[in-house]
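A.B. asks: Here is my input; please provide its structure:
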Amino acid sequence: MVRVRSLLAVLAIATVSGCAAPAEQHHRTEVVATTPIVADLVRHVAGDRAEVTALMPPGVDPHTYEPRLRAVRDIANADIAFTNGLLLEPHSLYTTIEEALPDNAPMVPLAEQVTSYGGKLKPLVENIALDTVWLGMRIVGKADSEVEIVTEKIDGPEDSKATAYITSTFGVPELVFDEEGDNYFLPADAHTHVSWSFSKPGMYHLTFAAKVKGELVARNTINVAVGVDAPNDVLDGGHVDIAVDLAHKNIMLRGDSPDGTNIAYDYDPATTTISVPNSTLQQIPAQYRFMGRPGDEVYLLPQAVLGKHVHGEVDPHVWHNMANARAMVEAIRDKLGEVDPAGAQTYSANAAAYIAEIDRVNKEVRSTLDTIPKKNRHLVTTHDGYSYLGDAYGLSIAGFVSPNPSVEPSPRDIIALTRTLENLHVPAVFIEPQLALRANHLTVTADKLGIQVCRIYGDSLDDEVPTYLDFMKYNAHSLARCLGQSEGK
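C.D. replies: Below you'll find the model as predicted:
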């Protein structure tokens, strides 16, 4: 705050000293935009009716940018300010805009407008290891005694071990099974949260039988892909139970529907696979010896009561989904029209023309990314900034070095990254241009494994991709070129 006020004081002196200059006869709408991407979107809508100034130069990291005196001057002269919002820009920049922007000039956080125009936001997850399907057990229907669930067969990779357990109120684990033949009892119409551990990557086939008073009611096999690609439909999110349906004498997977509108949606275990991603890799604690030797690695699917640990924050990197960029353009059109009503028709026409270009490029991006083989559709980057890209275009965000570029990865992060690259046979990893010229954890790990390092643009523009549309086309072609090949260099 002190720095902002100092800059404003300097600006005030400069303004007074220059007040004798003659006023311009024609006033164009003065616009400031925080990032080069936001500025590019605004310029396409504003056209010649407004002067658009980007506060950040091309190529800088928007998470760490610090405003200078020139930025304060531009803000103080602005009729409107556009930001990305959702905490993408540093707090110091928001404070500078709030302090320096004229009282009658609005500040518009565009990413926070997208849902009003048909866009989609995604939450940030604090602990990526908990961002998985939550797999419990459930009894559906009535019975005059408890239902016995028997683990009849555990078919997994050679020398592997699978276990399931329930964590009690005081953190004491209660075993569901750790070997074939183990049984667990649940009352009729009951449900319980379960944690699952797997010692090695690969496919597991768990056969369960349900019995009432010793009589077989149902039997079925649940398929689990641990750290590897699943062969069929994948369950990798939401709450799902291994459910015993007493009335229909069947064992199925029941839980959240794909669109999230139904919490009692049935999946056929024969055509559905539970996914346990490499991000779940952990070391076995001393008190959990039933999983294996303490300190060894294990893939842990946590029980649902642990939750995802969602911050309440929203992922700010909305522009990686071009439908969100389209929504931002519509918001820009309306906000510019409010500030400059005489230009509303021009802004509307410019926005319509630009949206048509966005739609055209979006089709190109989608068709380009569709060429990537299913087995290679795994994106590994330096940090967690591409979930919108993955969600919009069918790519799996398989891993990253750390959630935030300013956070140093832990030893566990590096181990999980290595296992991800090994288990999924990823042909390439992706790094932002500003990081490509120096060694980092991702490039070092990729080099050890003989994996190609390719470029991807994340937060900014530069001479090679001077516009947002260039940015999206570059990323699509880089991903298709590097992931559309065989494993390795």
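A.B. asks: Please make it C-alpha for all contacts and neighbour counts, starting now.
C.D. replies: Will do.
A.B. asks: Need the distance between the two termini of stretch 233-250.
C.D. replies: End-to-end distance of stretch 233-250 (C-alpha to C-alpha, to the nearest Å): 20 Å.
A.B. asks: Give the buried residues for that stretch.
C.D. replies: By neighbour count with 16 or more other C-alpha atoms under 10 Å, stretch 233-250 contains the buried residues 234-246, 250.
A.B. asks: ranges for the strands of the stretch 351-489 of the chain?
C.D. replies: Secondary structure of the stretch 351-489 of the chain (DSSP state E, counting those that start in this stretch): strands at 378-383, 396-402, 428-431, 452-455.
A.B. asks: tell me the average confidence for the third one?
C.D. replies: Just to be clear, that refers to strand 428-431. When pLDDT is averaged over strand 428-431, the result is 97.
A.B. asks: Please name every helix or strand in contact with that strand.
C.D. replies: Counting contacts by 3 or more C-alpha pairs under 8 Å, 6 or more residues apart in numbering; DSSP states H and E, strand 428-431 is packed against strand 378-383, strand 452-455.
A.B. asks: Could you tell me the least trusted of those strands?
C.D. replies: Of all these, mean pLDDT reaches its minimum on strand 378-383 (a mean of 94).
A.B. asks: which helices and strands does that strand pack with?
C.D. replies: If you count contacts as 3+ C-alpha pairs under 8 Å, 6+ apart, strand 378-383 packs onto strand 396-402, strand 428-431.
A.B. asks: What strands line up against it, and which way round?
C.D. replies: Applying DSSP bridges, strand 378-383 is found paired with strand 396-402 (parallel).
A.B. asks: then the partner strand to PDB, C-alphas only?
C.D. replies: The C-alpha atoms that make up strand 396-402 are tabulated as PDB, following Å, rounded to 0.1, in the frame of the first residue of the first chain:
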ATOM      1  CA  SER A 396      -5.900 -36.100 -19.000                       C
ATOM      2  CA  ILE A 397      -3.900 -33.800 -16.700                       C
ATOM      3  CA  ALA A 398      -1.700 -36.700 -15.700                       C
ATOM      4  CA  GLY A 399       0.800 -34.800 -13.600                       C
ATOM      5  CA  PHE A 400       2.800 -31.600 -12.900                       C
ATOM      6  CA  VAL A 401       5.900 -30.800 -10.900                       C
ATOM      7  CA  SER A 402       4.000 -28.600  -8.300                       C
END
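A.B. asks: How about that strand, which residues are buried there?
C.D. replies: Across strand 396-402, burial judged by 16+ other C-alpha under 10 Å covers Ser396, Ile397, Ala398, Gly399, Phe400, Val401, Ser402.
A.B. asks: swap in stretch 378-397?
C.D. replies: Buried residues in stretch 378-397 (16+ other C-alpha under 10 Å): 378-390, 393, 395-397.
A.B. asks: returning to that earlier point: just give me the closest of the buried residues of strand 396-402 to Ile154.
C.D. replies: For the buried residues of strand 396-402, the closest approach to Ile154 (C-alpha to C-alpha) belongs to Ala398, at 26.4 Å.
A.B. asks: ok, now which ones touch the closest one?
C.D. replies: Counting by C-alpha atoms under 8 Å, 6 or more residues apart in numbering, Ala398 makes contact with Pro277, Asn278, His378, Leu379, Val380, Thr420.
A.B. asks: how about 10 Å then?
C.D. replies: Going by C-alpha atoms under 10 Å, 6 or more residues apart in numbering, Ala398 touches 227, 277-279, 377-381, 390, 417, 420-421, 424, 426.
A.B. asks: for Glu180, same thing?
C.D. replies: Neighbour list for Glu180: Val150, Thr151, Glu152, Lys153, Ile154, Asp155, Ala162, Thr163, Leu206, Thr207, Phe208 [criterion: C-alpha under 10 Å, 6+ apart].
A.B. asks: can you tell me how far it sits from Ala164?
C.D. replies: For Glu180, the distance to Ala164 equals 12 Å [C-alpha to C-alpha].
A.B. asks: just Asn232 next, same as before
C.D. replies: Distance, Asn232 to Ala164, by C-alpha to C-alpha: 23 Å.
A.B. asks: And the two? Which one has more around it.
C.D. replies: Neighbours were counted for Asn232 and for Ala164 using other C-alpha atoms under 10 Å; Ala164 has more, 23 against 11.
A.B. asks: Following element in sequence after the helix or strand encompassing the more buried one, please.
C.D. replies: Using DSSP states H and E, Ala164 maps to strand 162-167. Counting by DSSP H and E, the next helix or strand C-terminal to strand 162-167 is strand 173-177.
A.B. asks: hey, C-alpha coordinates of that next one in CSV?
C.D. replies: This file holds the C-alpha atoms of strand 173-177, laid out as CSV (Å, rounded to 0.1, in the frame of the first residue of the first chain):
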residue,chain,number,x,y,z
PRO,A,173,-7.7,-48.4,10.6
GLU,A,174,-10.3,-51.2,10.5
LEU,A,175,-9.5,-53.8,7.8
VAL,A,176,-12.0,-54.7,5.1
PHE,A,177,-9.6,-57.0,3.4
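A.B. asks: how about low-confidence regions in the stretch 351-489 of the chain?
C.D. replies: Across the stretch 351-489 of the chain, residues meeting the criterion (pLDDT under 70) sit at 405-406, 439, 486-489.
A.B. asks: what about the helices in it?
C.D. replies: 387-393, 411-424, 441-448, 468-483 (DSSP state H, counting those that start in this stretch).
A.B. asks: tell me how far the longest one is from the chain's mean position?
C.D. replies: Read it as helix 468-483. Remark: helix 468-483 is offset 18 Å from the chain centroid, using C-alpha atoms, centre = their mean, to the nearest Å.
A.B. asks: Strand 378-383 and that helix, what's the angle between them?
C.D. replies: Interaxial angle of helix 468-483 relative to strand 378-383 (axes from the mean of the first three to the mean of the last three C-alpha atoms, to 10 degrees): 120 degrees.
A.B. asks: Would you mark the buried spots in helix 468-483?
C.D. replies: Buried residues in helix 468-483, counted by 16+ other C-alpha under 10 Å: 468-469, 471-483.
A.B. asks: who does that helix touch, helix- and strand-wise?
C.D. replies: helix 36-46, helix 322-339, helix 344-369, strand 378-383, helix 387-393, strand 428-431, strand 452-455 (3 or more C-alpha pairs under 10 Å, 6 or more residues apart in numbering; DSSP states H and E).
A.B. asks: Out of these, flag the one nearest Ala76.
C.D. replies: helix 322-339 (15.7 Å).
A.B. asks: Packing partners of that closest one?
C.D. replies: Against helix 322-339 (3+ C-alpha pairs under 10 Å, 6+ apart) you get strand 29-33, helix 36-46, strand 80-83, strand 107-109, helix 344-369, helix 387-393, helix 468-483.
A.B. asks: Can you check the pLDDT for Thr64?
C.D. replies: The per-residue pLDDT reported for Thr64 equals 86.
A.B. asks: cool, and the one 4 residues further on?
C.D. replies: Model confidence at Arg68, expressed as pLDDT, equals 89.
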